[in-house]
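**Student:** Next one to model:
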Amino acid sequence: MVEEEIVVVTDANVMINFIHIGRLELLARLPGLRFVVPEHVVAEITDAAQAAELRAAVARGDFDEVCMTNAAEITRFAALTETLGRGESACLALAEARGWAVASDERRAFHRTAVERIGEDRLLSTPALILRAIRAGLATVAEADDWKALLEQRRFRMKFASFGDLL
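**Tutor:** So this is what the prediction gives:
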């Protein structure tokens, strides 16, 4: 039986976290997932080096850049931008309209809105994606814990001591 591929629309914070750990390509290697990035998220990544890395990943085919193409998506996006940022709004509008999952580390308003609109089971975070990489044999717990330390130096906190605790 063939596992159905889940499309994951990816917010800037997750992209940037994987750029920080030097493993953006890891997302494209996760089994059963295909990552897309909205044009609004691409525009949010303004650091020149990070933007270049994202453009290279799109050029390699690691991610597909997507645009909102119909009135329903654009209407959802416009409504969401009243309370959320443009990148987060684009991710959520696309996920809701197309039945996709969302990868985002945003909390508070975004998280509440996403749970209401698409459900908790369609939300992924940086730690959840790293955990999937470990389970798929693409990373070790030691590597993941090193990445956790790097991200914490950049003020991205995770509420556990080691990825080993989550297995």
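
**Student:** Need the residues that contact stretch 136-155.
**Tutor:** Under the contact criterion Cβ atoms under 8 Å, 6 or more residues apart in numbering, stretch 136-155 has outside partners 17, 20-21, 23, 26, 29-31, 126-127, 130-131, 133-134, 158, 162-164, 167. C-beta: built from backbone N, CA, C; applies to glycine.

**Student:** Can you list the low-confidence ranges for the chain?
**Tutor:** Applying pLDDT under 70 to the chain flags the ranges 1-3.

**Student:** which ones among the contacts of stretch 136-155 are found in helices?
**Tutor:** 17, 20, 26, 29, 126-127, 130-131, 133-134 (DSSP state H).

**Student:** are any of the contacts of stretch 136-155 buried, and which?
**Tutor:** Neighbour-count burial (16 or more other Cβ atoms under 10 Å) applied to these gives 17, 20-21, 23, 26, 30, 126-127, 130-131, 133-134, 158, 163.

**Student:** ok, the closest residue to Thr126 other than its chain neighbours - contacts?
**Tutor:** The spatially closest residue to Thr126, leaving aside those adjacent along the chain, is Asn17, at 4.5 Å (Cβ to Cβ, 6 or more residues apart in numbering). Counting by Cβ under 8 Å, 6+ apart, Asn17 makes contact with 105, 126, 151, 156.

**Student:** Go through those and name the one nearest Thr113.
**Tutor:** Distance to Thr113, by Cβ to Cβ, is smallest for Asp105 among those, at 14.7 Å.

**Student:** Give me the nearest residue to the closest one, chain neighbours excluded.
**Tutor:** Nearest residue to Asp105, sequence neighbours excluded (Cβ to Cβ, 6+ apart): Asn13, at 4.5 Å.
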